[in-house]
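My questions concern the predicted model and sequence given below.
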Amino acid sequence: MARIIVVGAGVVGLSCAVRLLEAGHRVDVVARDLPRETTSAVAAALWYPYRALPQDRVTRWAATSYAVFDALAAPVEYAGSPEAGVRMVHGTEVFTARQPDPWWRTAVPRLDRVTDLPAGYVDGWTFATPVVEMPVYLDWLTGQVESLGGTVTRLNLRALPEGADLVVNCSGLGARLLGADRTVVPVRGQVVYVEQVGLDRWWLDGEGPTYVVPREHDVVVGGTDEQGDWSRTPSPEAAADILQRASRLVPALREAKVLRHKVGLRPVRPAVRLERAGRVIHCYGHGGAGVTLSWGAADEVVGLV
């Protein structure tokens, strides 16, 4: 059994901590931001490989995560965990030009072409995918860490910590400092939360990027993709543009009441860094796919210990 410190309390760090604890290690999570304060908490959390490479590893990690989320979403009588806030939801991705199958096609059990498309779109596909209610899910993950004997502590670090057998660096954008890695850059994503309008399907137009993700009590509408922008202040102009684009997919959004605005900074890198360097395992740079890759990445981290 190793003593391991996980740096970072977003979805990747907490998932790594759970898997390491399950493997019998002693694990403490330390982070500047507690789970509900992280970029993960802002995510629409629709399972979808976005802004993450390389394709082969991402597809493998995404497939693993899909299976875990599918199991969590199952009814309790089938060993599911409804309290985790995960649902399997059907939805449609649309395009203004013909498309080949997505490169991550093998990560989902089924994907079907559709012809009944909104005006202006000529191609699309539909599939069922996990939708994760992030505040609920982050609380559940934290509870899993603590019930397995781990801890989650706020700590503002200037360097990776000493005093453990291993450190798992899941610091996201913090890896610019803690991993001395300037290839990690922020990609700003703004979202608008609106009231539930009876929507039970998600919609996605990658050109925007535009997405509409229904949750139990609200709908997450996005988004933006602004590389190098560190601002966490929502832009009213961006919000208006997001809602206009999304209304092409779901016209009912034109009359929906806006509840709040949020901004998250995706930690994007030319490729996800998941490797061991001495007593440090680096696991960061998951871009816009932290939730999507979380369990697959966590399993690989355990294999590197």
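Received, thanks. None of these values were measured; they are calculated from a predicted model.

can you list the weak-confidence ranges in the stretch 51-200 of the chain?
Applying pLDDT under 70 to the stretch 51-200 of the chain flags no residue at all.

Strands along that one, start to end?
Taking DSSP state E, counting those that start in this stretch, the strands of the stretch 51-200 of the chain run over residues 86-95, 112-113, 123-132, 151-154, 166-169, 185-195.

Check these for me and report the most buried one.
strand 166-169 (a mean of 24; mean count of other C-beta atoms under 10 Å). Where you see a C-beta, it was placed from the backbone N, CA and C, and this is true even at glycine.

Can you name every helix or strand that that strand contacts?
Under the contact criterion of 3 or more C-beta pairs under 8 Å, 6 or more residues apart in numbering; DSSP states H and E, strand 166-169 touches strand 3-7, helix 11-22, strand 280-284.

again, only using 6 Å
Judged by 3 or more C-beta pairs under 6 Å, 6 or more residues apart in numbering; DSSP states H and E, strand 166-169 is in contact with strand 3-7, strand 280-284.

how far away is whatever residue is furthest in space from the centre of the chain from Leu21?
Ranked by distance from the centre of the chain (C-alpha atoms, centre = their mean), the top residue is Gly163, with 30.2 Å. With distances taken as C-beta to C-beta, to the nearest Å, Gly163 is found 18 Å from Leu21.

And Leu199, by the same measure?
From Leu199 over to Leu21 the distance is 37 Å, taken as C-beta to C-beta.

do Arg87 as well
Separation of Arg87 from Leu21 (C-beta to C-beta): 26 Å.

What residues are bridge-paired with the closest residue to Asp229 other than its chain neighbours?
Nearest residue to Asp229 in three dimensions, chain neighbours excluded: Arg188, at 4.0 Å (C-beta to C-beta, 6 or more residues apart in numbering). Counting by DSSP bridges, Arg188 forms beta bridges with Glu226, Leu265.

I figured Arg188 hits Gln227, correct?
No - the pair Arg188 / Gln227 is not scored as a contact, 7.8 Å apart, by C-beta atoms under 6 Å.

Who are the contact partners of Ala31?
Gly8, Ala9 (C-beta atoms under 6 Å, 6 or more residues apart in numbering).

partner residues bridging it?
Arg154.

how near is Tyr66 to Ser294?
Taken as C-beta to C-beta, the span from Tyr66 to Ser294 is 11 Å.

more neighbours, the two?
More neighbours surround Ser294 than the other of Tyr66 and Ser294, with 32 against 22 (other C-beta atoms under 10 Å).

Sticking with that one, tell me its helix or strand.
Assigned by DSSP states H and E, Ser294 belongs to helix 290-304.

For that helix, output the C-alpha coordinates as CSV.
Provided in CSV are the C-alpha atoms of helix 290-304 (Å, rounded to 0.1, in the frame of the first residue of the first chain):
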residue,chain,number,x,y,z
GLY,A,290,-12.7,15.8,-18.2
VAL,A,291,-15.9,14.1,-17.3
THR,A,292,-15.8,12.0,-20.5
LEU,A,293,-12.3,10.7,-19.8
SER,A,294,-12.3,10.6,-16.0
TRP,A,295,-12.8,6.9,-15.2
GLY,A,296,-10.6,5.7,-18.1
ALA,A,297,-7.8,8.0,-17.0
ALA,A,298,-8.2,7.0,-13.4
ASP,A,299,-7.9,3.3,-14.3
GLU,A,300,-4.7,4.0,-16.2
VAL,A,301,-3.3,6.0,-13.2
VAL,A,302,-3.8,3.0,-10.9
GLY,A,303,-1.9,0.9,-13.4
LEU,A,304,1.0,3.3,-13.2
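
ok, and for it, which residues are buried?
Gly290, Val291, Thr292, Leu293, Ser294, Trp295, Gly296, Ala297, Ala298, Asp299, Glu300, Val301 (16 or more other C-beta atoms under 10 Å).
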